[in-house]
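1. No letters, just coordinates:
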Ligand SMILES: C[C@@](O)(CCOP(=O)(O)O)CC(=O)O
């Protein structure tokens, strides 16, 4: 692989052994993927920092990088950890509180922004054709598909290595030649919001190639639900949205096969609807909620008082909002909302006690069914609130 003089210095240890090791890993992976050079990144997003996912070995790994001088050479944000940073939530377990704080201390010590969110694109909007090294599949697919930026789906350690070196390998979705839509997926016209999660799950399971979507929602709130689900059940890093994805960031193959999605094919992902005697956990915030979504929630709840008996509404939001939106979060808490800041049920342990989860998130449904063995019913944002508050 071709390395610049600066990269050679780094790999030879002139910037410390952590940077040298990190660059060696990136070069090895790049060589395996046929990269001929490295590319500087403007933003790394590091996933895999939750103690309940990475445990003691992960904590020790991050500690070693920090203690041996690993520091960010690119703007870097981090994914959610496993604790509620404001301490409001009764549903997210506090089991690993101290361990997570230790991890957070090392991450912040390396110069990473304490965002604790899976929607880093709302914190720093990626530009068209900017090279990024992001972990967290929902963030990756939004960066490529909505903003037209360029990032592969990195695992946590590789995004960490990119943060420390400021580089990633020039392969995969960094090259226009690999951003070619080969299937056209035609969604049913006027599909209601209830089905966006299911649509994503269907695409992830049934389509391997990069598709171009027709009749997809065009606003980022609906798209983040649809694309996150597709990236959870499948391996996509880019799904072209017809009429929205910046045109210069992808190509369309000369032989595009058309696939029509029938609404009936989506039903199996929806799950059964809750019955009146079941204890319902409503969940919104996967991917994390944007401030506008928080304001919608406040609007919906201004006419409600408290959840119906035995029900609860869990809402997960970026850690970075904790201070800015404290009044809003306090309002939600007083309405009985279980607000979890800087975490989510996918990267934490839950205190259970519910018969069924009602959520608008296909990604949450995918993981909660598998990780926590929970029954999940898919619905729309507003109907989740209705299911809990009546
Ligand atoms: C559990 C976690 O890996 C989310 C699922 O991964 P992904 O959506 O495939 O990137 C996130 C994390 O550990 O930070």
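-> That came in fine, so what should we check first? Just so you know, these numbers come straight off a predicted model, no measurement behind them. Numbering: from 1, shown residues only.
2. A helix includes residue 142, no?
-> Yes: under DSSP: H, G, I helix; E, B strand; the rest coil, residue 142 falls within a helix.
3. Enumerate every residue touching the nearest residue to it once chain neighbours are set aside.
-> Nearest residue to residue 142 in three dimensions, chain neighbours excluded: residue 121, at 5.4 Å (C-beta to C-beta, 6 or more residues apart in numbering). The way it works is simple: take the backbone N, C-alpha and C, and place the C-beta from them, glycine included. Residues near residue 121 by C-beta atoms under 8 Å, 6 or more residues apart in numbering: 139, 142-143, 146-147.
4. Tell me the spacing between residue 121 and the ligand.
-> As judged by C-beta to the nearest ligand atom, to the nearest Å, residue 121 and the ligand stand 14 Å apart.
5. which bits of the stretch 51-200 of the chain sit near the ligand?
-> Residues of the stretch 51-200 of the chain lying close to the ligand (C-beta under 6 Å from any ligand atom) are 53, 79, 135-138.
6. Among those residues, which ones are in strands?
-> Among these, the members falling in strands (DSSP state E) are residue 135.
7. number of nearby residues for the closest residue in space to residue 257 that isn't next to it in sequence?
-> Nearest residue to residue 257, sequence neighbours excluded (C-beta to C-beta, 6+ apart): residue 183, at 5.4 Å. Close neighbours of residue 183, defined as other C-beta atoms under 10 Å, add up to 19.
8. and what of residue 42?
-> Neighbour count of residue 42, defined by other C-beta under 10 Å: 15.
9. what do you get for the one 3 residues further on?
-> Burial of residue 45, expressed as a neighbour count using other C-beta under 10 Å, amounts to 34.
10. what does the lowest-mean-pLDDT helix or strand in the chain contact?
-> Each helix and strand of the chain was given a mean pLDDT (mean pLDDT, DSSP states H and E); the minimum falls on helix 321-324 at a mean of 89. Under the contact criterion C-beta under 8 Å, 6+ apart, helix 321-324 has outside partners 85-86, 291, 294, 329, 341-342.
11. make it 7 Å
-> 85-86, 291, 341 (C-beta atoms under 7 Å, 6 or more residues apart in numbering).
12. Just among those, which is most surrounded?
-> Ranked by neighbour count (other C-beta under 10 Å), those have residue 341 at the top, with 28 neighbours.
13. tell me how far the ends of stretch 139-157 are from each other?
-> Distance across stretch 139-157, first residue to last, is 16 Å (C-alpha to C-alpha, to the nearest Å).
14. Now do the helices in this structure.
-> 5-11, 17-32, 51-67, 97-109, 137-145, 156-165, 196-206, 220-233, 263-270, 291-301, 321-324, 326-334, 362-371, 381-389 (DSSP state H).
15. Touching the third one from outside, list them.
-> Among residues not part of helix 51-67, those counted as contacts by C-beta under 7 Å, 6+ apart are 18, 48, 81-82, 96, 99-100, 102-103, 106-107, 109-110, 347-349.
16. about what we covered before: who wins for most neighbours among the contacts of residue 121?
-> residue 139 (30 neighbours).
17. so it makes contact with residue 47?
-> No: using C-beta atoms under 7 Å, residue 139 makes no contact with residue 47, being 8.1 Å away.
18. ok, back up a step: ok, now how distant is the residue nearest to residue 142 from residue 135?
-> Separation of residue 121 from residue 135 (C-beta to C-beta, to the nearest Å): 13 Å.
19. And residue 224, by the same measure?
-> On the measure of C-beta to C-beta, residue 224 and residue 135 end up 17 Å apart.
20. and the two? which has more neighbours close in?
-> Neighbour count, other C-beta under 10 Å: between residue 224 and residue 135, residue 224 has more, with 30 against 27.
21. Give me the nearest residue to the more buried one, chain neighbours excluded.
-> Closest residue to residue 224 apart from its sequence neighbours, by C-beta to C-beta, 6+ apart: residue 287 at 5.1 Å.
22. Near the ligand, which residues of the stretch 201-350 of the chain are found?
-> Neighbours of the ligand within the stretch 201-350 of the chain, by C-beta under 6 Å from any ligand atom: 232, 346-347.
23. Which among those residues count as buried?
-> 232, 346-347 (16 or more other C-beta atoms under 10 Å).
24. Tell me how many other residues crowd the closest residue to residue 246 other than its chain neighbours.
-> Spatial nearest neighbour of residue 246, excluding adjacent residues (C-beta to C-beta, 6+ apart): residue 148 at 3.3 Å. A count of neighbours around residue 148, defined by other C-beta under 10 Å, yields 22.
25. One more: residue 174?
-> Using other C-beta under 10 Å: residue 174 sits among 20 other residues.
26. mind listing what the closest residue to it other than its chain neighbours touches?
-> Nearest non-adjacent residue to residue 174, counting by C-beta to C-beta, 6+ apart: residue 150, 4.8 Å away. The neighbours of residue 150, taking C-beta under 7 Å, 6+ apart as the test, are 129-132, 144, 173-174.
27. How about residue 338?
-> Counted by C-beta under 7 Å, 6+ apart, residue 338 has contacts 89-91, 312-315.
28. tell me the pLDDT at the residue of the stretch 101-250 of the chain found nearest the ligand?
-> Residue nearest to the ligand within the stretch 101-250 of the chain: residue 137 (3.5 Å; C-beta to the nearest ligand atom). As predicted, residue 137 sits at a pLDDT of 98.
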